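Student: A predicted structure for the sequence below; I have some questions about it.
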Amino acid sequence: APASLPARHLFSDPAEVEALRGNLLAWYDRCKRDLPWRALVTARGVGGVGASALTPALLPAVWVSEIMLQQTQVATVIDYYNRWMQKWPTLQALAQASLEEVNELWAGLGYYSRGKRLQEAARKVVAELAGRMPRTAEDLQKLLPGVGRYTAGAIASISYGQATGVVDGNVIRVLCRLRCIGADSSSPAVIDRLWDMANVLVDRSRPGDFNQALMELGATVCVPKAPLCGECPVKQHCQAWRRVSLFGKPSPVPDVEDCCVGDCPLCPPATEPWDSSLGVTNFPRKAAKKPPRVMRTATCVLEQRGCHGASEYLIVQRPSSGLLAGLWEFPSLPLAQDLQEEKEREELAHHLQAWMGRPVAAKGLQFIGEVVHIFSHIHQTYVVYSLRLDGDVTLDPALSPSRWVTEDEFHASAVSTAMKKV
Ligand code: SF4
């Protein structure tokens with residue numbers, strides 16, 4: 001790090017770094033949560049060397065958990081993780097799975113491209129790397145699709161014992177508080193500094209445990225809104241905590257601790273000084289997010305009587321790239337904004353006609369209601385219609401894949417959470 005940065009933003013004292021590592025690891029050994037991927041790493045040993053003859057081809061336990069945990073809570077991931085590892089314990093097994101099977105298991109977890117890319121990467125390891133996983137963060141990131149800097153660092157440190165740091169949302173929060181970093185924590189300059197810090201801090205003999213400990217601290221103690229500083233194992237190393245304890249609330253001298261307001265690349269901007277009512281949660285700070293894109297989509301639940309008299313519903317497959325790639329849905333059509341209801345029906349009827357191969361009367365569509373679903377960057381409103389059909393409908397095989405399913409089959413298919421709401 002540049003020498004010009006004040007010490008409060010750095011980990012420059014080797015004795016302090018050593019003490020912080022020791023305190024954090026001792027806490028982790030006492031308090032870590034029991035999670036299935038941790039049990040699997042322990043059973044296999046660091047380096048992934050277990051007793052099985054299949055060992056070189058085992059699917060790294062951490063890889064799957066890290067991909068699933070991106071944007072999804074631990075509690076939700078556990079069941080998906082166990083089913084995934086049971087179904088595809090080896091790279092070869094995952095490489096042979098179809099995208100349909102992957103999507104079916106992933107259904108409900110969101111951000112479907114994650115599962116798809118995980119499988120593509122497994123195929124690449126099997127087909128192009130002779131079934132051998134890359135073992136360093138650099139190679140993992142370079143060679144495997146869907147593996148970014150964070151995931152590469154996590155796999156390399158936890159599965160293969162490489163002394164390399166990781167930076168995820170939890171680590172960003174903890175490091176920004178430990179070192180009073182109030183500049184925009186999503187800016188590339190700050191992120192680079194945080195990676196430097198993570199690499200300085202990581203314990204050389206237990207890098208995987210250290211990285212998990214730092215993330216665990218962010219997930220359970222140094223949480224976003226009401227951190228449990230009193231119970232924190234590293235509070236004596238925390239500049240934000242020091243500042244709160246020194247000045248209490250409210251701070252009598254608001255800016256005395258800021259190094260060189262307006263000039264320091266890691267301090268809050270001069271226009272957003274320390275807010276004593278926020279305490280340590282002054283950090284981290286982020287630039288305001290862009291508002292999500294607003295979209296409206298008409299969707300129609302087409303129903304017919306199946307051969308045994310039970311209701312069947314038409315689902316069609318989405319394109320193999322883009323949002324919700326390869327998933328199944330009720331026939332749907334994105335709508336222009338501010339479209340009149342009558343026009344909306346006409347466009348949907350026209351769209352359905354292509355699927356049915358016969359005219360569909362717009363007035364036959366029954367409006368059911370609206371369903372709102374928030375994707376990370378899209379505020380999607382589904383305008384839901386239904387239509388009951390008489391007689392057999394023969395689907396045109398020249399169009400995208402489509403099929404009739406019962407309600408049970410619908411729920412077992414690779415459909416998104418948004419469609420289940422519909
Ligand atoms: Fe986070 Fe508080 Fe611990 Fe500092 S003392 S690292 S703010 S929990």
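Tutor: Structure received. Numbers count the residues shown, from 1 in each chain.

Student: quick one, phi psi at residue 359?
Tutor: phi -60, psi 140 (degrees, to the nearest 10).

Student: these two touch, right, it and residue 352?
Tutor: No: Residue 359 lies out of contact with residue 352 (C-beta atoms under 8 Å); the separation is 9.6 Å. In this view, the C-beta of every residue, glycine as well, is placed from N, C-alpha and C.

Student: Among the two, which residue is more densely surrounded?
Tutor: residue 352 (23 against 9; other C-beta atoms under 10 Å).

Student: if you go through the stretch 301-422 of the chain in chain order, where are the helices?
Tutor: 341-356, 407-412, 417-421 (DSSP state H, counting those that start in this stretch).

Student: Longest strand in the chain, please.
Tutor: strand 293-305 (DSSP state E).

Student: Now do that one against helix 341-356, angle only.
Tutor: With axes from the mean of the first three to the mean of the last three C-alpha atoms, to 10 degrees applied, the angle from strand 293-305 to helix 341-356 works out at 50 degrees.

Student: Counting by contacts, list what strand 293-305 packs against.
Tutor: strand 311-317, strand 332-335, helix 341-356, strand 378-388 (3 or more C-beta pairs under 8 Å, 6 or more residues apart in numbering; DSSP states H and E).

Student: Comparing these by mean pLDDT, which bottoms out?
Tutor: Among those, helix 341-356 carries the lowest mean pLDDT, a mean of 90.

Student: Buried residues in that one, which are they?
Tutor: 344, 345, 347, 348, 349, 352, 355, 356 (16 or more other C-beta atoms under 10 Å).

Student: Other residues contacting it?
Tutor: 298, 300, 302, 314, 316, 331, 333, 335, 339, 359-365, 367, 383, 385, 387, 389, 393, 395-396, 399, 402 (C-beta atoms under 8 Å, 6 or more residues apart in numbering).

Student: one more time with 10 Å
Tutor: 296-300, 302, 314, 316, 331-336, 339-340, 358-365, 367, 383, 385, 387, 389, 393-396, 399-400, 402 (C-beta atoms under 10 Å, 6 or more residues apart in numbering).

Student: Select only the buried ones of the residues you listed in PyMOL?
Tutor: Entered in PyMOL, the line below selects the buried ones among the contacts of helix 341-356, by 16+ other C-beta under 10 Å:
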select buried, resi 296+297+298+299+300+302+314+316+331+332+333+335+360+362+365+383+385+387+389+393+402
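
Student: need the helices and strands packed on strand 293-305 in a markdown table with distance to residue 203, can you?
Tutor: Compiled in a markdown table, these are given as follows (distance: least, C-beta to C-beta, whole Å):
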| stretch | distance to residue 203 |
| --- | --- |
| strand 311-317 | 47 |
| strand 332-335 | 50 |
| helix 341-356 | 58 |
| strand 378-388 | 41 |
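
Student: looking at these, which is closest to the ligand?
Tutor: Closest to the ligand of the helices and strands packed on strand 293-305 is strand 378-388 (C-beta to the nearest ligand atom; 32.5 Å).

Student: residues of that closest one that come out buried?
Tutor: Buried residues in strand 378-388, counting neighbours by 16+ other C-beta under 10 Å, are found at 380, 382, 383, 384, 385, 386, 387.

Student: Who does the fifth one form a beta bridge with?
Tutor: If I follow you right, that is residue 385. Assessed by DSSP bridges, residue 385 has beta-bridge partners residue 300, residue 367.

Student: any chance you could map the helices in the stretch 51-200 of the chain?
Tutor: Going by DSSP H, counting those that start in this stretch, the stretch 51-200 of the chain shows helices at 61-69, 74-87, 91-96, 99-106, 113-128, 137-143, 149-154, 169-178, 188-201.

Student: Tell me, how many residues neighbour residue 87?
Tutor: 13.

Student: could you measure the spatially closest residue to it that is not a sequence neighbour against residue 112, distance?
Tutor: Leaving aside its sequence neighbours, residue 87 sits nearest to residue 105 (C-beta to C-beta, 6 or more residues apart in numbering; 6.7 Å). For residue 105, the distance to residue 112 (C-beta to C-beta, to the nearest Å) stands at 11 Å.
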